[in-house]
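Participant: Generate a structure from the sequence data that follows.
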Amino acid sequence: MGISIWQLLIILAIVLVLFGAKRLKNLGGDLGGAIKGFRHAMKEEDQPKGDEGKLEDQASGRVIDGEVTSKEHDKV
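Facilitator: Numbering: from 1, shown residues only. Sure, this is the predicted structure:
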């Protein structure tokens, strides 16, 4: 009860008539660029960032990972 190849070809023909080949080409290029940007961002996120945002405790040699918060947020 799936979609046959003929039904897919008919749907493709209707889409081409409605939108035109040029618009679909631009849409495909934009979608491909978005996917490429997403993959690039995910790959950058997986790589270690180095020593950003970490302080080293000189006495014990431990690395302290912290977060900067607003001073107004701490006031009650």
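Participant: Quick check: the gap between D46 and V68.
Facilitator: 24 Å (CB to CB, to the nearest Å). Bear in mind the C-beta positions are built from the backbone N, C-alpha and C, glycine included.
Participant: List the buried residues of the helix or strand where G37 lies.
Facilitator: For G37, the host element (DSSP states H and E) is helix 21-46. Residues of helix 21-46 classed as buried by neighbour count (16 or more other CB atoms under 10 Å): none.
Participant: pLDDT averaged over that helix - what is it?
Facilitator: Helix 21-46 shows a mean pLDDT of 86.
Participant: Which strands or helices does that helix pack on?
Facilitator: With contacts taken as 3 or more CB pairs under 8 Å, 6 or more residues apart in numbering; DSSP states H and E, helix 21-46 sits against helix 5-19.
Participant: what about K43, distance to K36?
Facilitator: K43 is 11 Å from K36, where distance means CB to CB.
Participant: same deal with L9?
Facilitator: As judged by CB to CB, L9 and K36 stand 29 Å apart.
Participant: Tell me if I am right that G2 is in a strand.
Facilitator: No - counting by DSSP: H, G, I helix; E, B strand; the rest coil, G2 is not part of a strand but coil.
Participant: how close does it sit to I35?
Facilitator: With the distance defined as CB to CB, G2 ends up 26 Å from I35.
Participant: And for E44?
Facilitator: For E44, the distance to I35 - CB to CB - is 15 Å.
Participant: got a list of contacts for stretch 25-33?
Facilitator: By CB atoms under 8 Å, 6 or more residues apart in numbering, the residues outside stretch 25-33 that reach it are F19.
Participant: for stretch 2-18, same thing?
Facilitator: Stretch 2-18 has contacts (CB under 8 Å, 6+ apart) with L24.
Participant: Export it to CSV, keeping only CA atoms.
Facilitator: Output of stretch 2-18 as CSV, limited to C-alpha atoms (Å, rounded to 0.1, in the frame of the first residue of the first chain):
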residue,chain,number,x,y,z
GLY,A,2,3.0,2.3,-0.6
ILE,A,3,3.5,4.9,-3.2
SER,A,4,4.6,3.5,-6.6
ILE,A,5,7.2,5.1,-8.9
TRP,A,6,4.4,6.3,-11.2
GLN,A,7,2.7,8.2,-8.4
LEU,A,8,6.0,9.8,-7.4
LEU,A,9,6.6,10.9,-11.1
ILE,A,10,3.2,12.4,-11.3
ILE,A,11,3.7,14.3,-8.1
LEU,A,12,7.1,15.5,-9.3
ALA,A,13,5.6,16.7,-12.6
ILE,A,14,2.9,18.7,-10.7
VAL,A,15,5.4,20.3,-8.4
LEU,A,16,7.6,21.3,-11.4
VAL,A,17,4.6,22.9,-13.1
LEU,A,18,3.5,24.8,-10.0
